[in-house]
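Undergrad: sequence and predicted model, in that order:
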Amino acid sequence: MATLSLTQFLTLDGVIQAPGGPEEDPSEGFEHGGWSVPFGDEDFGKRITEIFARPTAFLLGRRTYDIFSGYWPKHDDPADPVASKLNHLPKYVATTTLASADWENTTLLRGDIVEEVTALKERTDGEIQMHGSAGLARTLLDHDLIDTLHLHVFPVVLGTGRRLFSDGVRPTAFRLTDTRTTAAGVALHTYELAGRPTYGSY
């Protein structure tokens, strides 16, 4: 049975929208696209290479799939650890609107997404990776289907934009298993699912 990990870029105030460029996702008037780019130093590149060394498959939301499929098939360099994995490993896309997918090795998940992902984890070995896909991630977090969070927290506050953890998410406990900081100041945290929160008082 596979584990499912989520890699997410966040600002200090929790914004996850359009980290990679101004045109990536300007929906709802978002004007700060590309906020992660100034922090993309050698340390951060090593972190991404490390993460992409592990997957056996990918699970993507529709928006992230559209962004990735518009870029990575045109940059299929076998020496690039990101391109080689994204272009050639199995990809599963949660969608209610896509009728077909042209990107090699892509399967559309069109049924109940909780049931689909549960079955996918059961029939797959290794590590299924999610990148971005915050809407899908919120649903899966509410059903304890994400085993590992790689949260990359950038030292910037934006004030607007979509967030991963919004009001109404299921209370969940995680265990910090790794933390590092890049030279540019990005905090790299890894958390493992630990169940429900516990409470006390001082």
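TA: Here it is on my side, so go on. Residues are numbered from 1 along each chain as shown.

Undergrad: quick check, pLDDT for A79.
TA: Listed pLDDT for A79 reads 88.

Undergrad: helix, strand or coil: sort out it for me.
TA: Three states are possible here, and by DSSP: H, G, I helix; E, B strand; the rest coil the one that applies to A79 is coil.

Undergrad: how many other residues sit next to the residue lying closest to G40 once chain neighbours are set aside?
TA: In this structure, G40 finds its nearest non-sequential neighbour in A184, 7.8 Å apart by CB to CB, 6 or more residues apart in numbering. For the C-beta atoms, the positions are set from N, CA and C on the backbone; glycine is no exception. By the criterion of other CB atoms under 10 Å, A184 has 14 neighbours.

Undergrad: phi and psi next, for A184.
TA: Dihedral angles phi and psi of A184 (degrees, to the nearest 10) take the values phi -80, psi 0.

Undergrad: I figured it was touching D43, is that so?
TA: Yes. With the criterion set as CB atoms under 8 Å, A184 and D43 qualify as a contacting pair; they are 7.1 Å apart.

Undergrad: dump the residue contacts of H150.
TA: H150 is in contact with 5-8, 51, 188-190, counting by CB atoms under 8 Å, 6 or more residues apart in numbering.

Undergrad: now do S84
TA: The contact partners of S84, by CB under 8 Å, 6+ apart, come to 76-78.

Undergrad: that one looks like it's in a helix, true?
TA: Yes. When the secondary structure is assigned by three-state DSSP, S84 falls within a helix.

Undergrad: distance of L136 relative to T179?
TA: In this structure, L136 and T179 are separated by 25 Å, where distance is defined by CB to CB, to the nearest Å.
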